[in-house]
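S.K.: Generate a structure from the sequence data that follows.
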Amino acid sequence: MMEQINILRRKDVEAKTGLKTSTLYWQIKHKTFPRPIKLGEKSCGWLESEVNQWLSDKVALRDSR
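M.R.: I've put the predicted structure just below:
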């Protein structure tokens, strides 16, 4: 059975991570945040699983210090 894929739009990613647009794209540019996938000519989204993993990694980093 195929895993369900959930796509988050930018506003959803911002709400979930607490990042603002400029910080989000800065982190993407510097490869510290998952890249979005192109959904159409002028739209993109993020895999919810990748955003969740990014958040989990941040928590693990905090807890390891």
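
S.K.: pLDDT at residue 1, what is it?
M.R.: Per-residue confidence for residue 1 comes out at a pLDDT of 70.

S.K.: and it, what is it in contact with?
M.R.: Residues counted as contacts of residue 1 (CB atoms under 8 Å, 6 or more residues apart in numbering): none. Using the backbone N, CA and C atoms, a C-beta is placed for each residue, glycine as well.

S.K.: Ok, the one 5 residues further on next?
M.R.: Residues counted as contacts of residue 6 (CB under 8 Å, 6+ apart) are 47-49.

S.K.: how does it look with 7 Å?
M.R.: Applying CB atoms under 7 Å, 6 or more residues apart in numbering to residue 6 gives the contacts residue 48.

S.K.: show me where the chain has strands.
M.R.: In the chain, the segments counted as strands under DSSP state E are 7-8, 37-40, 43-47.
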